[in-house]
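> This is a predicted model, with the sequence first.
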There are 2 protein chains.
Amino acid sequence: MFIPKLYRSDDYDVMKEIIKENSFALLISSVDKIRATHAMMMLNEDHPEQIYIESHISRANPQAKVLKNGDEVLCDFLGAHTYISSSWYDHVNVSTWNYEAVQIYGTVELMNNDELYNHLEKLTSIYEKPQQCPMFVKDMGKEFIEKEMKGAFGLKILPTEIHIKQKLSQNRKEADFENIISQLENSEDTNSRQIAEKMKLIKK
Amino acid sequence: MFIPKLYRSDDYDVMKEIIKENSFALLISSVDKIRATHAMMMLNEDHPEQIYIESHISRANPQAKVLKNGDEVLCDFLGAHTYISSSWYDHVNVSTWNYEAVQIYGTVELMNNDELYNHLEKLTSIYEKPQQCPMFVKDMGKEFIEKEMKGAFGLKILPTEIHIKQKLSQNRKEADFENIISQLENSEDTNSRQIAEKMKLIKK
């Protein structure tokens, strides 16, 4: 991901928020050929000196069959994004797309059984807590979850490069910037209104 | 992208809809290392015997500096997606994520100047038509657009493999399937309600 200086962030809170709000991300590898799997990802911060991404994909997935310890992968998290019409500026220009994204390059470390269990338990817990009748991993029965785990390929991604992008019209003068926000705020599209909020935040 | 048979589609209308509704997609290459750029993509169907993807990225993007004619890339289009809680089933099971996605492997063919102009004109036109005071490429002035085009790296992606995935709980029995739809329909999340609609469509 190309990030001109104006759009580059080194704010780890921004990174964490993008990852948390866009956990259904893309696991990309190029061991034998380019392969990309949409998968749930979580940031593990248990050891602040070595944060990493946790994820799992199906063992039947060809990507699981080629990924080995030490392989390089790229995790792509796309956040809110929306079209920005140049008709909202007070001068002639080209239209563009505003967005937030995080890309993490890292090396693969395969999970052992305990790590996979903990990963599935944590992940399920996050999404089940808000449910009316939550179904937690611990309630699924030992035999059932052991069978399920055999079909899951758990992996940790140890970051080697972290890229945080906030392309939010930082290159626009104040009048245009304000008009973009007001156009987006009036949109029926959730993503557009989210970008308006992000733009207001970076302005502060 | 791994697609179990149950979730595989060969319906080109489904593909076209996913591409159209999720045109801000991901261009992935592995020439020197894995690189992925979020970019606007359009399906070109002028010649039905050879459809292709049109896109452009910044010339300053390192990916533009390495991509050559004939290189293999992967275009990833993620459609609507949402969490499916196993608490909505009438039996113990694991939770999952429903989603639609299209992945197109293809070879790169760099655009010439005329192709790039037509691409930018078409792309801008799609997004500007609904604007209150549309700003079309033809209204930007020859000198201005020629300058802008110098900064754009236009490319066509000629498909070698097309993968269409609709993971929409097709593996669930009717009662669970219906309950998932009703749970999603009651969600405040646009994506969830979209998935409910897609599920109703595949049922018909």
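Done, it's in.
> which one's the longest helix in chain A?
Counting residues, the longest helix in chain A under DSSP state H turns out to be helix A:113-128.
> How far does it sit from its chain's centre?
18 Å (Cα atoms, centre = their mean, to the nearest Å).
> Which parts of chain A are strands?
A:8-9, A:24-29, A:35-44, A:52-58, A:72-84, A:96-110, A:152-167 (DSSP state E).
> Would you reformat those as a markdown table and include distance to chain B, mean neighbour count and mean pLDDT?
Quick note: C-beta positions are derived from backbone N, CA and C, even for glycine. Written out in a markdown table, the entries for the strands of chain A read as follows (distance: least, Cβ to the nearest Cβ, whole Å; neighbours: other Cβ atoms under 10 Å in any protein chain shown; pLDDT from 0 to 100):
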| stretch | distance to chain B | mean neighbour count | mean pLDDT |
| --- | --- | --- | --- |
| strand A:8-9 | 13 | 15 | 97 |
| strand A:24-29 | 5 | 22 | 98 |
| strand A:35-44 | 5 | 21 | 98 |
| strand A:52-58 | 6 | 20 | 98 |
| strand A:72-84 | 5 | 22 | 97 |
| strand A:96-110 | 6 | 20 | 97 |
| strand A:152-167 | 9 | 19 | 98 |
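> Nearest to B:Ile18, out of these?
When the strands of chain A are compared for distance to B:Ile18 using Cβ to Cβ, the nearest one is strand A:35-44, at 12.7 Å.
> what pairs with the residue nearest to the spatial centre of chain A across the strands?
The centroid of chain A falls nearest to A:Phe77 when counting by Cα atoms, centre = their mean (2.8 Å). Taking DSSP bridges as the rule, A:Phe77 bridges to A:Val102.
> Might you report the residue contacts of it?
Remark: with contacts taken as Cβ atoms under 8 Å, 6 or more residues apart in numbering or on different chains, A:Phe77 is in contact with A:Ile18, A:Ile19, A:Asn22, A:Ser23, A:Ala25, A:Leu26, A:Met41, A:Ala101, A:Val102, A:Gln103, A:Ile104.
> contact partners of stretch A:15-22?
Under the contact criterion Cβ under 8 Å, 6+ apart, stretch A:15-22 has outside partners A:9, A:25, A:41-43, A:53, A:77-79, A:100-102, A:162, A:164.
> Now that stretch: buried residues?
A:Met15, A:Ile18, A:Ile19, A:Asn22 (16 or more other Cβ atoms under 10 Å in any protein chain shown).
> Output that stretch as PDB, restricted to C-alpha atoms.
Taking C-alpha atoms only, stretch A:15-22 is exported to PDB below (Å, rounded to 0.1, in the frame of the first residue of the first chain):
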ATOM      1  CA  MET A  15      -4.400   1.000  14.000                       C
ATOM      2  CA  LYS A  16      -6.200  -0.900  16.800                       C
ATOM      3  CA  GLU A  17      -9.500   0.700  16.000                       C
ATOM      4  CA  ILE A  18      -9.300  -0.100  12.300                       C
ATOM      5  CA  ILE A  19      -8.400  -3.700  13.100                       C
ATOM      6  CA  LYS A  20     -11.100  -4.100  15.700                       C
ATOM      7  CA  GLU A  21     -13.800  -2.500  13.500                       C
ATOM      8  CA  ASN A  22     -12.800  -4.500  10.400                       C
END
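> Check the separation of the first and last residues in stretch A:36-54.
Distance across stretch A:36-54, first residue to last, is 16 Å (Cα to Cα, to the nearest Å).
> Pull the most distant pair out of the contacts of stretch A:15-22.
Of all pairs drawn from the contacts of stretch A:15-22, the widest gap by Cβ to Cβ lies between A:Ser9 and A:Met42 and measures 20.6 Å.
> quick revisit: the strands of chain A into a markdown table, with extra columns for distance to B:Leu201?
Listed next are the strands of chain A as a markdown table, based on distance: least, Cβ to Cβ, whole Å:
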| stretch | distance to B:Leu201 |
| --- | --- |
| strand A:8-9 | 39 |
| strand A:24-29 | 21 |
| strand A:35-44 | 20 |
| strand A:52-58 | 25 |
| strand A:72-84 | 25 |
| strand A:96-110 | 28 |
| strand A:152-167 | 30 |
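> quick one, which of these is nearest to A:Ser192?
Among the strands of chain A, strand A:72-84 comes nearest to A:Ser192, with 4.3 Å by Cβ to Cβ.
> Please name the nearest non-neighbouring residue to A:Ile162.
Beyond its immediate neighbours in the sequence, the residue positioned closest to A:Ile162 (Cβ to Cβ, 6 or more residues apart in numbering or on different chains) is A:Ile104, lying 5.3 Å away.
> my read: the one you found touches A:Ile164, true?
No: taking Cβ atoms under 8 Å as the definition, A:Ile104 is not a contact partner of A:Ile164, at 9.5 Å.
> about what we covered before: what about the buried residues of stretch A:15-22, which are in helices?
Per DSSP H, those map to helices at A:Met15, A:Ile18, A:Ile19.
> Of the residues you listed, which is the nearest to B:Leu120?
A:Ile18 (29.0 Å).
> From chain B, how far out is that closest one?
Relative to chain B, A:Ile18 is positioned 13 Å away (criterion: Cβ to the nearest Cβ, to the nearest Å).
> Look at that residue and report its pLDDT.
As summarised for this prediction, A:Ile18 has a pLDDT of 98.
> Same question for A:Lys204.
You'll see A:Lys204 listed with a pLDDT of 65.
> Equivalent analysis for A:Asp139, please.
According to the per-residue confidence, A:Asp139 scores 88 in pLDDT.
> which residues does it contact?
B:Val92.
> Neighbours of the residue lying closest to A:Ile202 once chain neighbours are set aside, how many?
Spatial nearest neighbour of A:Ile202, chain neighbours left out: A:Leu168 (5.5 Å); criterion: Cβ to Cβ, 6+ apart. Using other Cβ atoms under 10 Å in any protein chain shown, A:Leu168 is surrounded by 26 other residues.
> And A:Leu168, its phi and psi?
Dihedral angles of A:Leu168 (phi, psi; degrees, to the nearest 10) stand at phi -130, psi 40.
> tell me the contacts of the closest residue to A:Ser125 other than its chain neighbours?
The shortest distance from A:Ser125 to any residue that is not its chain neighbour, by Cβ to Cβ, 6+ apart, is 6.1 Å, and that residue is A:Phe136. The contact partners of A:Phe136, by Cβ under 8 Å, 6+ apart, come to A:Glu121, A:Thr124, A:Ser125, A:Glu128.
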